[in-house]
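Q: Pasting the sequence and the predicted model now:
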Amino acid sequence: MRILIVRHGDPDYANDCLTEKGKREAALLAEKLKKEKIDYIYSSPLGRAKETCETYARVVGREKEIVVKDWLREFNHLTTFPSGRTNNVPWDMLPEDWANEPVLYRHDEWFDHPCYEGSGLKEKYLGVIRDLDALITNHGYTRDNNIYRVEGRNRDTVAIFCHFGLECVLLSRLCNISPVMLWHHFVAPTTSVTTLYTEERREGKAVFRCAGFGDVGHLYIGDEPPSFSARFCETFDCETERHD
């Protein structure tokens, strides 16, 4: 089984749609994906992800095959961090909030850190991974502790069109990594594609392995520079790049 996790195109967050740049990115992405054998198409219900998904689906004539899943919406549960920053999304912690907190590195304990107490984030996260587990089970692989029991072996490809924060939540479950580390050490550019395969080295037991993270080769081929969305300033003295 193969999973493609696709981030939406460059966003107009205020209107929950794609910018003109995002539309160009989505068109280039569609040209890339039409060459792939994609068996199932899932999308977030949010406009920017649906528009990206629909751009691909139109190119291959599969608009009616899109399955929208509400739990694929962006993981933007607002949280207050130790540094005093309030009402922030969970992937926007400052290094001093997480780098020296051992529990935040643990995939099965990170949500019990005191900074999340009373926020509802743990319940939100557990709800998303529960629904992810159910989807994966429907495709033949059932979660069994930290690996997957093979119940319907296949080479199907599942494409999931979603968002950066949510992508890291999915990866955290599939790869047994704290999403805090993924949120703050990785960035998936707009219309990037992350690829995971199952590996069944012993019969009936599988894991998901990432074969490529955040690929934007289609943008370079189309002379479209990757968006800065989801990134922060490369150097502190750069006034044109985002600090907060």
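A: All right, it came through fine.
Q: May I ask which helix or strand of this protein has the lowest mean pLDDT?
A: Least confident helix or strand of the chain, by mean pLDDT, DSSP states H and E, is helix 95-98 with a mean of 90.
Q: Quick check: closest non-adjacent residue to Glu63.
A: Spatial nearest neighbour of Glu63, chain neighbours left out: Ala57 (4.6 Å); criterion: Cβ to Cβ, 6 or more residues apart in numbering. To be clear about C-beta, it is placed using only N, CA and C from the backbone, and glycine gets the same treatment.
Q: Pull out the C-alpha coordinates of the host helix or strand of that neighbour and format them as CSV.
A: Counting by DSSP states H and E, the element that carries Ala57 is helix 47-60. Provided in CSV are the C-alpha atoms of helix 47-60 (Å, rounded to 0.1, in the frame of the first residue of the first chain):
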residue,chain,number,x,y,z
GLY,A,47,-11.6,25.2,0.6
ARG,A,48,-7.9,25.5,-0.1
ALA,A,49,-7.4,21.7,0.1
LYS,A,50,-10.6,20.8,-1.8
GLU,A,51,-9.7,23.3,-4.6
THR,A,52,-6.2,21.6,-4.9
CYS,A,53,-7.8,18.2,-4.9
GLU,A,54,-10.5,19.2,-7.4
THR,A,55,-7.8,20.6,-9.8
TYR,A,56,-6.2,17.2,-10.0
ALA,A,57,-9.5,15.3,-10.2
ARG,A,58,-10.7,17.5,-13.1
VAL,A,59,-7.6,16.7,-15.1
VAL,A,60,-8.2,13.0,-14.8
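Q: counting contacts, what elements does that helix pack onto?
A: Packed against helix 47-60 by the contact rule (3 or more Cβ pairs under 8 Å, 6 or more residues apart in numbering; DSSP states H and E) you find strand 17-18, helix 20-33, strand 40-43, strand 66-68, strand 157-162.
Q: May I see the buried residues of the least confident helix or strand of the chain?
A: Neighbour counts using 16 or more other Cβ atoms under 10 Å place 97-98 of helix 95-98 among the buried residues.
Q: So which residues of the protein form strands?
A: Assigned strands in the chain, in chain order: 2-7, 11-12, 17-18, 40-43, 66-68, 141-144, 147-150, 157-162, 193-202, 205-215 (criterion: DSSP state E).
Q: Model confidence for Val89, exactly?
A: As predicted, Val89 sits at a pLDDT of 87.
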